[in-house]
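>>> quick one, structure for this:
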Amino acid sequence: MLSERFLGLYNEELRYLRECGMQFAERHPQVARHLGMHKDGVQDPFVERLLEGSAFLSARVHERIENEYPEFALQMLERLAPYWHTPMPSIATIGLTPDFTSPLWQAPVVLPKGSKVTLSDTSLRNKNATFVTGRELAIQPVAISMAECSASLAAELPEAVTRHLNSAQSCLRLRLTTQGVKPLSQTTFDPLHLTLTGSAVRANQLLTALTNGCQKVVLWARQAAGPLVTVLDKSQLRQGGLSEEEALLPQGIGELPGSRLMREFFAAPSRFYSVDLHGINDFLARCGQQQECELLFALDAANPQLLEQVSSKDFHLFATPVINLYSRRCDPVQLDKQRTEHHIVVDRLNPALYEVHHLQSVQGLTRSTEAVTFSRLPEDVAFGHGQPRAGYAVRRCSSPQPQSAGRSLFGDDDLFITLSPGATETQLDEISSLSVSAMVCDRFFLPDQLQQPMLQISLALPLTSISLLRMPSAPRPVPEIRQAWQAIGRVTVNPLRYMAPEVKDAAPLIRNWLSLFATTAQASQRRCISSIESATFTASFERDTRPGPMTWTRGVKACINLCSENHADQGGLLFGRLLHSALSDYCQLNQTLRTVLLMDGEPFAEWEPSHDF
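All right, here's what the predicted structure looks like:
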């Protein structure tokens, strides 16, 4: 009743009553003349109120009928894709600067994944927003002292280095230094994580050059006996942020394939502005007492927008994406025997501070203080659960918030829980309260109002500062209920099955699939989705490159053509890379995906299949 489309339904019902009432009065003036219907308007105010009340009730019934099927679809999605109908928290990127004067570098310095980062700002009115880190950070006393991109090699480079770069059209050069704190042989990077911190255009240009135009990586350091040189293959340089270990959003059993990657991409593309360089530790171990080394990326093209334009400010060694999604125990839920649904409130003293993303655990407490564990209903079908458990289901409902709650980008949703004994002998009437732990977001956090945000962590680490490399993205409410049927239809649809020649162009299917994860109200995301001009899938066979007997696996070759004009930030390559990883989740047993990316009809990139079945 309080949805955004309710006003349109109300006006439609009111217009129908007036128009049909006028027609009825004209045909039957002997019985309908007291309705007060006239061309110049309604003369009787009591009839006007009656019509408005009737239109209000009719609009409510109309909306309820329209919501019947989507609500049924939401209940199905709660079991098939439990995290699809959840809000999208704010995502940012932070950078940690090591303190080279600290005496704490003798022991490993690690910031674990999931560590809490507190953001304070004057716009938050004495409240702090809580973020958690998306990856583990092994902090070393290492800094990037110099970075440059040039079409010609520097004169001071030894011949043992330059001979590996003769075929390169340009070279990206980074110099790492420990500033005398410890030798390079005592540092380890597994892998070396480079975060691109420049503007969105600069970051995408560097990302394209490194992941799609790098021939090799040359590592070298000066030694008394001669330069120490190591050459790494381009396969050691990989796109960051794609692995499950770096996931920001939770991933459930049976979730829509590719949903996590695409939701994170549309919420904050900058969280993928990073590359990982593997295989560097063997080189560092042979550096001895040296305190400086250089990384040279041999590029097969000379981008004039990068030549002589790159500096050390475009890179950061110790950075991680963070998300405003953390665990919190809710206030106890007192059960009422007269109700089948119970409202979950995180903090009853401040009910408007938190938005529930999803529930982690639910325990019922009986009057005899006995604990009863409730599980999500989808978990009851998981293999290995020998003991049946009681279950619960949740439902989101829109409700008006008080004016004192302020503006929130999450909307006005509340969460209600329904309990079920399942196959157990649990008596729900004996349960007096629920102890609930949930993942929550801060409702009061408005990124567009930040002025001078300050960051803090609870751990005592040798750091000089913690900075915001990428401003927090705007949080998004749950997807519209009208998309529920569309999501249900995509649960059983595998895009890789729509192969040529039966399906000549699968681009409409891919665009509809991506619309489930994007905010189509934003023009930039609509342009990104519409940049897919064509997409074809063909069957193929791929040789398994793993050690062992020669084998071949079933494969699918995807050919996707993008329009570069739709990517003002020059992020077409990143979008294509995310599409390849997301579509790979649809691969069945012993099936692989190879993707060829075309930009404006011209070959641009190709990603080989992964054999991690």
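>>> so how far is the helix or strand hosting residue 232 off the chain centroid?
Secondary structure assignment for residue 232, by DSSP states H and E: strand 228-233. Distance, stretch centre to chain centre, for strand 228-233: 35 Å (C-alpha atoms, centre = their mean, to the nearest Å).
>>> show me what counts as buried in that strand.
228-230, 232 (16 or more other C-beta atoms under 10 Å). The way it works is simple: take the backbone N, C-alpha and C, and place the C-beta from them, glycine included.
>>> give me the three-state assignment for the residue positioned nearest the centre of the chain.
Residue closest to the mean C-alpha point of the chain, counted by C-alpha atoms, centre = their mean, is residue 264 at 1.6 Å. Recorded secondary structure, residue 264: helix (DSSP: H, G, I helix; E, B strand; the rest coil).
>>> related to what we said a few turns ago, closest to residue 112 out of the buried residues of strand 228-233?
residue 232 (28.1 Å; C-beta to C-beta).
>>> could you pull out the strands in the stretch 451-600 of the chain for me?
Applying DSSP state E, counting those that start in this stretch to the stretch 451-600 of the chain gives strands spanning 454-457, 463-470, 532-543, 552-562, 591-599.
>>> residue 194 is nearest to which of these?
Closest of the strands of the stretch 451-600 of the chain to residue 194 is strand 463-470, at 12.3 Å (criterion: C-beta to C-beta).
>>> can you list the strands that the closest one pairs with?
strand 91-98 (antiparallel) (DSSP bridges).
>>> which SSE is immediately downstream of the partner strand?
Under the assignment DSSP H and E, the closest C-terminal helix or strand after strand 91-98 is strand 109-111.
>>> for that next one, buried residues please.
Going by 16+ other C-beta under 10 Å, strand 109-111 has these buried residues: 109, 111.
>>> next SSE after that strand?
Past strand 109-111, further along toward the C-terminus, the next helix or strand under DSSP H and E is strand 116-120.
>>> now do the buried residues in that next one.
Buried residues in strand 116-120, counted by 16+ other C-beta under 10 Å: 117, 119.
>>> picking that back up, and which of the buried residues of strand 228-233 is nearest to residue 505?
Of all those, residue 232 has the smallest distance to residue 505: 39.4 Å, by C-beta to C-beta.
>>> which residues of the protein fall in helices?
Using DSSP state H, the helices of the chain run over 6-27, 29-32, 45-80, 159-162, 200-212, 259-267, 281-285, 484-491, 507-514, 523-530, 572-584.
>>> which other helices and strands contact the longest one?
Where contact means 3 or more C-beta pairs under 8 Å, 6 or more residues apart in numbering; DSSP states H and E, helix 45-80 is packed against helix 6-27, strand 390-398, helix 484-491.
>>> and the shortest one with helix 259-267, angle?
The directions of helix 484-491 and helix 259-267 differ by 130 degrees, with axes from the mean of the first three to the mean of the last three C-alpha atoms, to 10 degrees as the criterion.
>>> follow-up on the earlier one: state the pLDDT value of the residue nearest to the centre of the chain.
Per-residue pLDDT puts residue 264 at 96.
>>> swap in residue 388?
Looking at residue 388, the pLDDT reads 66.
>>> strands along the stretch 201-350 of the chain, start to end?
Under DSSP E, counting those that start in this stretch, the stretch 201-350 of the chain gives strands at 214-221, 228-233, 237-239, 274-277, 292-299, 315-316, 319-323, 326-329, 333-334, 342-344.
>>> out of those, deepest packed?
Comparing these by mean neighbour count (mean count of other C-beta atoms under 10 Å), strand 319-323 ranks first with a mean of 26.
>>> and it, C-alpha only, in PDB?
C-alpha atoms of strand 319-323 as PDB (Å, rounded to 0.1, in the frame of the first residue of the first chain):
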ATOM      1  CA  ALA A 319      44.900  -1.700   0.000                       C
ATOM      2  CA  THR A 320      41.700  -3.600   0.300                       C
ATOM      3  CA  PRO A 321      38.100  -3.100  -0.500                       C
ATOM      4  CA  VAL A 322      35.800  -2.700   2.500                       C
ATOM      5  CA  ILE A 323      32.000  -3.100   2.800                       C
END
